[in-house]
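With the input below, show me the fold.
(one chain, ligands or ions: 1)
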Amino acid sequence: MPRDASAVILLNQDLSKVLWAQRNPKIPFLGGFHAFPGGKTDESDTQITVKNCIEKDLEKFIVSAVRELFEEVGVLIVRNGEKLTKGQRASLHDDLISGRNSFAEILADWGLWIDARDFFYTGHWTTPQFSPVRFKTRFFMAVCPPKQTPYAAITEMQNIEFIAPNDALKRWENSEVLISPPVLISLQELAEFSPQSHKDAKKGEEDGSAALRLCVEKLLEKSQKYDGNIDYIELNPRLICFPLRTETLPPATHTNCFIAGRREFVVIDAASKDESELAKLFELVDSFIEKGFSCRGIIVSHLHRDHFGGERVLQNHLRAKFGLEVPVAAHKITAESLREKVEFQRFIEADEIIRLKDEAGAEFEIKALHTPGHARGHLAFYDEERGFLLSSDNVVGAGTVVIAPPEGDMTDYLDSLERMKNLPNLRHLCGSHGAAVYDARGKIEEYIAHRLEREKQVLAALANGAKTPEEITGIVYQNLKPELFPLAVKSVEAHLAKIERDSRSTAA
Ligand SMILES: [Zn+2]
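Okay, the predicted model is just below:
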């Protein structure tokens with residue numbers, strides 16, 4: 001069950017800019033993403049009454065919105081709050097964060113109250129099912145009170161700024177930032193109904209607030225239309241991540257299917273075997289075809305069962321509905337391994353350049369990287385211009401990567417990680433499971449360090465007399481769930497093979 005939360009779309013005084021901040025990249029949930037201030041609803045939020053609140057269901061969420069905004073960025077939207085000095089607000093903030101006083105006590109002690117008329121509800125959005133942590137977040141639009149300047153009041157937030165919605169969208173388009181779908185939708189609506197454009201037309205303040213009301217209505221309509229559920233994530237305008245439920249390794253439940261390109265696009269890992277899951281993907285693919293866009297290929301990144309299964313169904317669907325012949329492609333090694341299960345029409349070579357087109361028709365390239373280690377025929381894909389790596393199963397946002405011989409090879413895997421780490425212009429990555437990762441290089445370095453640390457532990461266990469992979473696993477992997485033991489043994493075998501190879505090459 002998703003947990004309740006609130007977020008605030010905070011506008012500056014002249015309504016031309018919106019507040020966003022970057023979440024600390026170290027936070028497990030959407031670390032490094034740019035987001036609006038907000039957070040979980042607290043039990044204590046129900047103890048505070050909101051004046052003029054007509055929709056009683058929203059009352060506690062307005063309270064969480066006000067509290068979270070104050071906690072995270074130091075902005076306090078309450079009535080009677082104008083009498084507080086900057087210093088007093090800072091001291092109240094300290095009381096709240098340190099737990100000296102509850103939010104209810106602070107409001108009561110200082111004669112402050114929350115008024116629902118200061119908040120415009122723009123709807124709710126729920127984190128997609130693929131995420132291990134999920135929130136049902138209520139979004140409220142509000143205007144920053146005069147003489148209050150937001151600041152990063154907690155370590156979870158950084159790079160806080162008021163930004164024009166169009167500028168924020170440009171940064172997303174260029175892959176300078178990562179944002180979640182509700183933030184993207186909000187920015188797109190804000191950009192369209194920018195009160196600034198009304199002001200530029202010298203129509204005055206009145207039209208500014210009218211534009212804002214229209215924007216709120218549009219956002220609410222969108223949230224209601226989708227009931228707050230979004231099936232896919234636009235990583236940037238030419239890269240979509242579409243998580244599909246698959247038979248994958250827990251704790252992951254989904255495999256990310258990717259649509260790279262737009263006017264000309266490829267579909268990578270249409271992996272689900274579930275019809276209803278595939279139907280959601282097809283709806284999006286169909287909408288592209290109906291716009292006259294063309295599907296250039298259906299790609300399988302590697303041989304594992306959670307990466308193929310829907311490609312044939314998609315191929316047949318495009319043939320039956322649109323009369324299209326779209327080839328299914330993979331690295332030759334993968335095609336060879338899957339020859340009894342999947343029919344391939346094309347092989348993808350190492351370092352092959354796949355030329356695609358974005359929505360405006362501009363050409364761009366993604367490079368297919370042959371990156372063995374997790375699987376011999378493993379492909380990753382790189383959009384160098386945007387610095388975005390699709391790392392498939394080599395690096396993932398959720399779960400662990402299994403290196404199981406004979407398909408898995410630790411030496412190859414570490415080589416592949418090194419190669420990915422050194423890609424020019426590398427910024428973000430998205431693997432086959434979990435969310436996108438903001439600091440791609442940092443994440444890959446973490447992976448390399450983790451494997452090398454494990455290797456040291458295996459060497460130490462050997463030095464202490466452990467003989468078999470099972471014995472070593474027992475020593476190296478503490479507190480392992482019994483069902484994961486066989487996989488851990490495989491991983492130890494991969495380490496042992498690398499250690500042996502390293503010692504042979506040193507001896508030579
Ligand atoms: Zn895999």
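
going forward, measure contacts and count neighbours with C-alpha atoms only.
OK.

Give me the buried stretch members for stretch 435-443, please.
Ala435, Ala436, Val437, Tyr438, Asp439, Ala440, Arg441, Lys443 (16 or more other Cα atoms under 10 Å).

Among the residues you listed, which lie within helices?
Ala440, Arg441, Lys443 (DSSP state H).

In contact with the first one, which residues are there?
Contacts here follow Cα atoms under 8 Å, 6 or more residues apart in numbering; on that basis Ala440 touches Leu389, Lys421, Leu426, Arg427, His428, Leu429.

Can you report how many residues neighbour the last one?
Leu429 is surrounded by 27 other residues when neighbours are defined as other Cα atoms under 10 Å.

Remind me what whichever helix or strand it is part of packs against, helices and strands.
Secondary structure assignment for Leu429, by DSSP states H and E: strand 428-431. With contacts taken as 3 or more Cα pairs under 8 Å, 6 or more residues apart in numbering; DSSP states H and E, strand 428-431 sits against strand 388-392, helix 440-463.

most tightly surrounded among the ones you listed?
Across the helices and strands packed on strand 428-431, the average number of neighbours (mean count of other Cα atoms under 10 Å) peaks for strand 388-392, which reaches a mean of 27.

Tell me which residues are up against that one.
Residues contacting strand 388-392 (Cα under 8 Å, 6+ apart): 175, 301, 379-383, 426-432, 440.

how about the helices and strands packed on strand 428-431 in a markdown table, adding distance to Glu161 and mean pLDDT?
Conversion of those to a markdown table gives the following (distance: least, Cα to Cα, whole Å; pLDDT from 0 to 100):
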| stretch | distance to Glu161 | mean pLDDT |
| --- | --- | --- |
| strand 388-392 | 24 | 98 |
| helix 440-463 | 24 | 97 |
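
Which of these sits closest to Leu107?
With Cα to Cα as the measure, helix 440-463 is the member of those nearest Leu107 (42.4 Å).

so where do the helices sit in the stretch 51-200 of the chain?
59-73, 86-98, 103-109, 165-173, 181-192, 195-200 (DSSP state H, counting those that start in this stretch).

Can you check what angle separates the fourth one from helix 181-192?
Right, the one you point to is helix 165-173. 140 degrees (axes from the mean of the first three to the mean of the last three Cα atoms, to 10 degrees).

residues making contact with stretch 338-347?
By Cα under 8 Å, 6+ apart, stretch 338-347 touches Leu303, Arg312, Pro327, Val328, Ala329, Ala330, His331, Lys332, Ala335.

at 10 Å what do you get?
297-300, 302-305, 308-312, 326-336 (Cα atoms under 10 Å, 6 or more residues apart in numbering).

Just the buried ones among these, please.
Buried, going by 16+ other Cα under 10 Å: 297-300, 302-304, 308-312, 326-335, out of the contacts of stretch 338-347.

Near the residue nearest to Arg79 when sequence neighbours are not counted, how many other residues are there?
In this structure, Arg79 finds its nearest non-sequential neighbour in Trp113, 5.3 Å apart by Cα to Cα, 6 or more residues apart in numbering. By the criterion of other Cα under 10 Å, Trp113 has 19 neighbours.

Check Asn174 too.
Asn174: 13 neighbours (other Cα under 10 Å).

swap in Glu43?
9.

My guess is it contacts Lys60. True?
Yes - assessed by Cα atoms under 10 Å, Glu43 is found in contact with Lys60 at 9.0 Å.

which residue is nearest the centroid of the protein?
Centre of the chain computed as the mean C-alpha position; nearest residue by Cα atoms, centre = their mean is Ala435, 3.5 Å away.

That one: what's it in contact with?
By Cα under 10 Å, 6+ apart, the neighbours of Ala435 are 28-31, 130-132, 180, 233, 235, 241, 243, 256, 396-398, 429.

Buried only: go through those for me.
29-31, 130-132, 180, 233, 235, 241, 243, 256, 396-398, 429.

What residues does Arg138 make contact with?
4-8, 38-39, 41, 58, 61-62, 64-65, 121-126, 228.

Now which of those residues would you call buried?
Applying 16+ other Cα under 10 Å to the contacts of Arg138 flags 4-8, 38-39, 41, 61-62, 64-65, 121-126, 228 as buried.

follow-up on the earlier one: deepest of the helices of the stretch 51-200 of the chain, which one?
helix 59-73 (a mean of 25).

returning to that earlier point: mind checking which of the helices and strands packed on strand 428-431 is nearest Ile163?
So among the helices and strands packed on strand 428-431, strand 388-392 is nearest, using Cα to Cα, at 23.6 Å.

Can you list the strands that the closest one pairs with?
Looking at strand 388-392 with DSSP bridges, its partner strands are strand 379-383 (antiparallel), strand 428-431 (parallel).

Span of stretch 115-127 from start to end?
End-to-end distance for stretch 115-127: 28 Å, by Cα to Cα, to the nearest Å.

Mark which of the buried ones among the contacts of Arg138 are part of strands, please.
Using DSSP state E, 4-8, 38-39, 121-126 are the members of the buried ones among the contacts of Arg138 that sit in strands.

In TSV, list those residues along with distance to Ala168 and pLDDT.
Compiled in TSV, those are given as follows (distance: Cα to Cα, whole Å; pLDDT from 0 to 100):
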residue	distance to Ala168	pLDDT
Asp4	27	97
Ala5	23	97
Ser6	21	98
Ala7	18	98
Val8	16	98
Gly38	18	96
Gly39	21	95
Tyr121	22	97
Thr122	19	97
Gly123	21	97
His124	21	98
Trp125	20	97
Thr126	22	96
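
Give me the neighbour count for Ser503.
Ser503 has 11 nearby residues by other Cα under 10 Å.

what's near enough to touch it?
So Ser503 contacts Ala497 (Cα under 10 Å, 6+ apart).

Next, the buried residues of the helix or strand hosting it.
In the assignment (DSSP H and E), Ser503 maps to helix 485-507. Judged by neighbour count (16+ other Cα under 10 Å), helix 485-507 contains these buried residues: Ala488, Val489, Lys490, Ser491, Val492, Glu493, Ala494, His495, Leu496, Ala497, Lys498, Ile499.

tell me which helix or strand of this protein sits lowest on mean pLDDT?
helix 195-200 (a mean of 55; mean pLDDT, DSSP states H and E).

Could you dump the helices and strands packed on strand 428-431 into a markdown table and include distance to Lys17?
Shown next, in a markdown table, are these (distance: least, Cα to Cα, whole Å):
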| stretch | distance to Lys17 |
| --- | --- |
| strand 388-392 | 28 |
| helix 440-463 | 29 |
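
of those, which approaches Ala104 most closely?
helix 440-463 (40.7 Å).

Alpha carbons only: can I get that closest one in CSV?
Coordinates of each C-alpha in helix 440-463 appear next as CSV, following Å, rounded to 0.1, in the frame of the first residue of the first chain:
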residue,chain,number,x,y,z
ALA,A,440,25.9,7.3,-13.1
ARG,A,441,29.7,7.3,-12.6
GLY,A,442,29.4,7.4,-8.8
LYS,A,443,27.0,4.4,-8.9
ILE,A,444,29.3,2.4,-11.2
GLU,A,445,32.3,3.1,-9.0
GLU,A,446,30.2,1.9,-6.0
TYR,A,447,29.6,-1.4,-7.9
ILE,A,448,33.3,-1.8,-8.8
ALA,A,449,34.3,-1.2,-5.2
HIS,A,450,31.7,-3.6,-3.9
ARG,A,451,33.0,-6.4,-6.1
LEU,A,452,36.6,-5.8,-5.3
GLU,A,453,35.7,-5.7,-1.6
ARG,A,454,34.0,-9.1,-2.0
GLU,A,455,37.0,-10.4,-3.8
LYS,A,456,39.2,-9.4,-0.8
GLN,A,457,36.8,-11.3,1.5
VAL,A,458,37.0,-14.4,-0.7
LEU,A,459,40.8,-14.2,-0.6
ALA,A,460,40.8,-13.9,3.2
ALA,A,461,38.5,-16.9,3.5
LEU,A,462,40.8,-18.9,1.3
ALA,A,463,43.8,-17.8,3.4
